[in-house]
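*Asks:* I'll drop the sequence and a predicted model, then ask my questions.
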Amino acid sequence: MKVISTKKAPGAIGPYSQGYIANGFVYTSGQLGIDPETGKHEDCVIWQTEKACQNVKAILEAAGTTLDNVVKTTCFLADMNDFAVFNEVYAKYFTSKPARSCVAVKTLPKNMLCEIEAIAIIK
């Protein structure tokens with residue numbers, strides 16, 4: 001196994017890694033919509049979804065793969081009323097349409113509006 005770490009995505013806010021490579025796959029931790037350079041965010045689901053997707057992309061690239069090689073994502077929303085707008089942004093990044101689960105949760109870390117984790121093949 002190999003730990004993945006990049007400054008192009010926010011650092012872990014707890015005892016975990018940004019991602020791991022194991023058996024030809026990369027597993028990312030859930031990525032919030034936080035700007036990795038400033039540590040800041042906007043209270044807007046569109047903005048946060050863009051950043052979360054970009055953060056997943058950065059971790060995948062650090063592992064040597066791309067969004068096109070994602071086979072599964074799990075998405076968490078603080079409010080399922082954001083589902084349609086979340087999907088619009090998500091669809092721009094995950095064009096290969098990986099398998100996905102999307103659930104509403106009571107609360108996300110830092111009271112964020114969305115979080116995305118991914119599993120991808122390393123080619």
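*Replies:* All right, it came through fine.

*Asks:* how about the strands in the chain?
*Replies:* Ranges of strands in the chain, per DSSP state E, are 2-4, 19-22, 25-28, 31-32, 70-77, 99-104, 114-121.

*Asks:* Please name every helix or strand in contact with the third one.
*Replies:* If I follow you right, that is strand 25-28. Secondary-structure packing of strand 25-28 (3 or more Cβ pairs under 8 Å, 6 or more residues apart in numbering; DSSP states H and E): strand 19-22, helix 45-62, strand 114-121. No exception for glycine: its C-beta is placed from N, CA and C like everyone else's.

*Asks:* and of these, who's closest to Val71?
*Replies:* For the helices and strands packed on strand 25-28, proximity to Val71 was assessed by Cβ to Cβ; strand 114-121 is nearest, at 5.7 Å.

*Asks:* Which parts of that closest one count as buried, going by neighbours?
*Replies:* If you call a residue buried by 16 or more other Cβ atoms under 10 Å, then strand 114-121 has these buried ones: Cys114, Glu115, Ile116, Glu117, Ala118, Ile119, Ala120.

*Asks:* can you redo those residues as a markdown table with pLDDT and distance to Thr107?
*Replies:* Shown next, in a markdown table, are these (pLDDT from 0 to 100; distance: Cβ to Cβ, whole Å):
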| residue | pLDDT | distance to Thr107 |
| --- | --- | --- |
| Cys114 | 98 | 12 |
| Glu115 | 98 | 11 |
| Ile116 | 98 | 16 |
| Glu117 | 98 | 17 |
| Ala118 | 98 | 22 |
| Ile119 | 98 | 24 |
| Ala120 | 98 | 27 |
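
*Asks:* quick check, nearest of these to Lys106?
*Replies:* Glu115 (12.8 Å).

*Asks:* shouldn't Ile4 be in contact with Ser17?
*Replies:* Yes. Using Cβ atoms under 8 Å, Ile4 makes contact with Ser17 at a distance of 6.7 Å.

*Asks:* Counting neighbours, go ahead and name the busier of those two.
*Replies:* Taking other Cβ atoms under 10 Å, Ile4 and Ser17 do not tie; Ile4 has more neighbours (21 against 16).
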